[in-house]
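K.L.:
what's the 3D shape of this:
(chains A and B)
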Protein chains: 2
Amino acid sequence: MKLTLVGSIAYDSVKTPYGEVEQALGGSSFFASVAASYFCKPCVVGVVGEDYDKKNLELLNGMGIDTSGVDVLPGKTFHWKGVYNDLNRAETLDTQLNVFADFNPIVSKEFASNDYLFLGNIHPALQLNVLNQLEGCKITAMDTMNYWISSAKDELLEVIKNIDIVFINEDEAKMLTERNNVYDASEDILAMGPKLVLLKRGEYGAMAIMKDMLFFSPVYPVKKVIDPTGAGDSFAGGFMGYLAGAGEFTPKRIKEAVIYGTVMASLDVQSFSADGMMNLTKEVIEERRKKVIDIISF
Amino acid sequence: MKLTLVGSIAYDSVKTPYGEVEQALGGSSFFASVAASYFCKPCVVGVVGEDYDKKNLELLNGMGIDTSGVDVLPGKTFHWKGVYNDLNRAETLDTQLNVFADFNPIVSKEFASNDYLFLGNIHPALQLNVLNQLEGCKITAMDTMNYWISSAKDELLEVIKNIDIVFINEDEAKMLTERNNVYDASEDILAMGPKLVLLKRGEYGAMAIMKDMLFFSPVYPVKKVIDPTGAGDSFAGGFMGYLAGAGEFTPKRIKEAVIYGTVMASLDVQSFSADGMMNLTKEVIEERRKKVIDIISF
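P.N.:
Got it, this is the predicted structure:
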């Protein structure tokens, strides 16, 4: 089945203890669609500037990603510049929204009827706008960040009320619910409407929480994290991609999806940009899947 | 089988966001032996002062714990006073070693021939001293802390070289090995001699690492942590107690032991002192064991 992804497409300039890149491919929809491409047909809605190399979209097309929903507008592409002195936390040095400042996602009739949707971390008002355009989408998911929790909480709560799956990291979950315990926080979020919370805990793994299910996945043991940028989006992309490919929203599939999301995030962080997720064989993915399952096999 | 435990027996005065206690029962051997008592026969080597209420030792005896190795010396019992403003980190307000300052563990012939040994967090020189007294002990384990890593590293390395199991938290593991990755750190520790590293990660669970095994256990989901004091010792006690009770040092038993350690730690933190581990039925323990396994069941 097909997965519609709405979010940012960016150029990233990133410095980590292991090196740096300038104008590397980035953005939530970029990472998520690349990760998802191994499991389903991703359909990207986004915007880039005239400076965005056509070859980048062709690269995505070559991976089976439909970029017909990506508008090319006059001006420059969204640019994020950041540094990781500590690999657990990015420090933003510069954000130039450029054409992304006026991003107003229009979802084509075709994309609006895809069965699965992933809303990357964009303004909740835009997320709501997308939800209102959907026609027959079965499972909707969203990501968010601390900035929206403090600056657009009402709109964010409205999105959460109308979504099936919330991707959120543990600090944000606590901030959103004003709880200091992740289990309370997750229950509070479920009570707001969603069926499933995916709690991201960085190097400690992820938890999938439903009313009657709690599933934990550790990370794939990566010895050398080169660049954490996009890890959360790759996790979400792998998760949603697998779910869309499977076409079933069941506990069993959800657990599998958590593992695949974990695998894609581990591949992402081992290189700059999404280089670690390019040209993967099925064997590489399955080997990591097996390893993660092995770590929790009793 | 029997488990010999060598470590501190203390009075703790603890303040947490949920209340405070004065002169509560504490110390590494106290927590560990209580946790272990549900799985094997714990034999405690330690020292208390004349102020230590006889009833406390009788309480332990009533749980099947052999306290014949606990000396009562002139003076006062070791006293620790601490506060948890953040439940993840204790701040020590006062440490009065008292009789514990001259603790020089003498292990009786009987205890020295027990099959399993747990060395609580005491000076590495004392840990070495105990190891040298053993007669036919099969599996030895130790805990340590950052203080010994910086102040007695050579002696600590000598203990690690001669031990089977190392309990250590992730920050200490990184500090000890000067690595910034837990997997590298754990491999380095294994290379020093031990067969197994138990990496403690607080609310994120624990990892058991052997040359050919990596096993992860999340914590039991505790919504209200009342007092974290003794969590690590309860984990180690539950782990070692189960292993001693089973009498087998195999991957399967080690994984079970991690789960039981996790269960005992979860019971410990839900009350002050070791109150949460007192008078437990087998059902309570098994129910939590089942829940933890359920969280990682694929």
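K.L.:
Let me see the mean pLDDT of the longest helix seen in chain A.
P.N.:
Longest helix of chain A, by residue count under DSSP state H: helix A:251-268. The average pLDDT within helix A:251-268 is 98.
K.L.:
Any part of whichever helix or strand comes after that helix near chain B?
P.N.:
Where DSSP states H and E defines the elements, the next helix or strand beyond helix A:251-268 is helix A:282-295. Yes. For helix A:282-295, a contact with chain B is found by C-beta under 8 Å from any C-beta of the partner chain, at A:Ile293, A:Asp294, A:Ile295. Every C-beta, even on glycine, is put in place using the N, C-alpha and C of the backbone.
K.L.:
of the residues you listed, closest to A:Thr16?
P.N.:
Comparing the residues of helix A:282-295 next to chain B against A:Thr16 with C-beta to C-beta places A:Ile295 closest, at 25.5 Å.
K.L.:
since we're on A:Glu110, how many residues are nearby?
P.N.:
A:Glu110: 14 surrounding residues under other C-beta atoms under 10 Å in any protein chain shown.
K.L.:
If you could redo that for A:Gly245, that was the one I meant.
P.N.:
So A:Gly245, with other C-beta under 10 Å, has 20 neighbours.
K.L.:
so the most centrally placed residue in chain A is in which element?
P.N.:
A centroid search over chain A (C-alpha atoms, centre = their mean) returns A:Asp233, at 2.6 Å, as the residue closest to the centre. A:Asp233 is part of helix A:231-246 when elements are defined by DSSP H and E.
K.L.:
Return the set of buried residues in that helix.
P.N.:
A:231-246 (16 or more other C-beta atoms under 10 Å in any protein chain shown).
K.L.:
okay, the residues of helix A:282-295 next to chain B in CSV with distance to B:Ile254, pLDDT and neighbour count next?
P.N.:
Compiled in CSV, the residues of helix A:282-295 next to chain B are given as follows (distance: C-beta to C-beta, whole Å; pLDDT from 0 to 100; neighbours: other C-beta atoms under 10 Å in any protein chain shown):
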residue, distance to B:Ile254, pLDDT, neighbour count
A:Ile293, 18, 97, 15
A:Asp294, 14, 97, 12
A:Ile295, 13, 97, 21
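K.L.:
Specify which member of those residues is nearest to A:Val130.
P.N.:
The closest of those, once distances to A:Val130 are taken by C-beta to C-beta, is A:Ile293, at 34.0 Å.
K.L.:
still on that earlier bit, doesn't A:Met145 make contact with the residue nearest to the centre of chain A?
P.N.:
No. Between A:Asp233 and A:Met145 there is no contact under C-beta atoms under 8 Å: 11.4 Å.
K.L.:
Between the two, which contacts overlap?
P.N.:
A:Asn121 (C-beta atoms under 8 Å, 6 or more residues apart in numbering or on different chains).
K.L.:
Apart from its neighbours in sequence, what residue is nearest A:Gln133?
P.N.:
Spatial nearest neighbour of A:Gln133, excluding adjacent residues (C-beta to C-beta, 6 or more residues apart in numbering or on different chains): A:Val107 at 4.5 Å.
K.L.:
Give me the secondary structure label for that neighbour.
P.N.:
coil (DSSP: H, G, I helix; E, B strand; the rest coil).
K.L.:
what phi and what psi does the backbone show at it?
P.N.:
With angles defined as degrees, to the nearest 10, A:Val107 sits at phi -100, psi 120.
K.L.:
Also A:Leu117?
P.N.:
According to degrees, to the nearest 10, A:Leu117 has phi -130, psi 140.
K.L.:
Show me which residues of chain A are close to chain B?
P.N.:
Counting by C-beta under 8 Å from any C-beta, the residues of chain A near chain B are A:181-184, A:201, A:203-205, A:207, A:214-216, A:218, A:221-224, A:255, A:259, A:293-298.
K.L.:
Can I get the buried part of those residues as one ChimeraX selection?
P.N.:
A single ChimeraX command is used to select the members of those judged buried by 16+ other C-beta under 10 Å:
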select /A:181,182,183,184,201,203,204,205,207,214,215,216,218,221,222,255,259,295,296
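K.L.:
So which of the residues of chain A next to chain B belong to helices?
P.N.:
Of the residues of chain A next to chain B, the ones assigned to helices by DSSP H are A:Val182, A:Tyr183, A:Asp184, A:Lys255, A:Ile259, A:Ile293, A:Asp294, A:Ile295.
K.L.:
Of all pairs in those residues, which one spans the longest distance?
P.N.:
Greatest spatial distance among those (C-beta to C-beta): A:Asp184 and A:Asp294, at 31.5 Å.
K.L.:
Would you enumerate the residues in contact with A:Val292?
P.N.:
A:Ser217, A:Pro218, A:Val219, A:Tyr220, A:Ile259, A:Thr262, A:Val263.
K.L.:
thought the fifth one was touching A:Asp294?
P.N.:
Looking back up the chat, that one is A:Ile259. No. The criterion here is C-beta under 8 Å, and A:Ile259 misses it with A:Asp294 at 10.8 Å.
K.L.:
in the stretch 51-200 of chain A, what residue is nearest chain B?
P.N.:
Closest residue of the stretch 51-200 of chain A to chain B, C-beta to the nearest C-beta: A:Tyr183 (5.0 Å).
K.L.:
contacting residues for that residue?
P.N.:
A:Ile209, B:Pro221, B:Lys223.
K.L.:
Same question for A:Cys43.
P.N.:
A:Lys2, A:Leu3, A:Thr4, A:Leu5, A:Ile65, A:Asp66, A:Ser68, A:Gly69, A:Glu110, A:Phe111, A:Asn114.
K.L.:
cool, and A:Ile106?
P.N.:
Per C-beta under 8 Å, 6+ apart, neighbours of A:Ile106: A:Val45, A:Gln133.
K.L.:
ok so, going back, select from the contacts of A:Val292 the one having the most neighbours.
P.N.:
Top of those by neighbour count (other C-beta under 10 Å): A:Val263, with 30 neighbours.
K.L.:
I'd like the distance between the closest residue to that one other than its chain neighbours and B:Gly26.
P.N.:
In this structure, A:Val263 finds its nearest non-sequential neighbour in A:Arg288, 4.3 Å apart by C-beta to C-beta, 6+ apart. Per C-beta to C-beta, to the nearest Å, A:Arg288 is found 43 Å from B:Gly26.
K.L.:
the more surrounded of these two?
P.N.:
Using other C-beta under 10 Å, the more surrounded residue of A:Arg288 and B:Gly26 is B:Gly26, with 27 against 21.
K.L.:
Beta-bridge partners for the more buried one, please?
P.N.:
B:Ala10 (DSSP bridges).
K.L.:
Distance check, it against B:Phe118.
P.N.:
B:Gly26 is 16 Å from B:Phe118, by C-beta to C-beta.
K.L.:
got it, and A:Gly241?
P.N.:
A:Gly241 is 46 Å from B:Phe118, by C-beta to C-beta.
K.L.:
and what of A:Gly136?
P.N.:
60 Å.
K.L.:
Those two: who's more crowded?
P.N.:
Taking neighbours as other C-beta under 10 Å, A:Gly136 and B:Phe118 compare with B:Phe118 leading, 30 against 8.
K.L.:
my hunch is that the more buried one is in a strand, does that hold up?
P.N.:
Yes. Looking at B:Phe118 with three-state DSSP, it is inside a strand.
K.L.:
if we can go back for a sec, setting the sequence-adjacent residues aside, check what's closest to the residue nearest to the centre of chain A.
P.N.:
Per C-beta to C-beta, 6+ apart, closest to A:Asp233 is A:Phe31, 3.7 Å.
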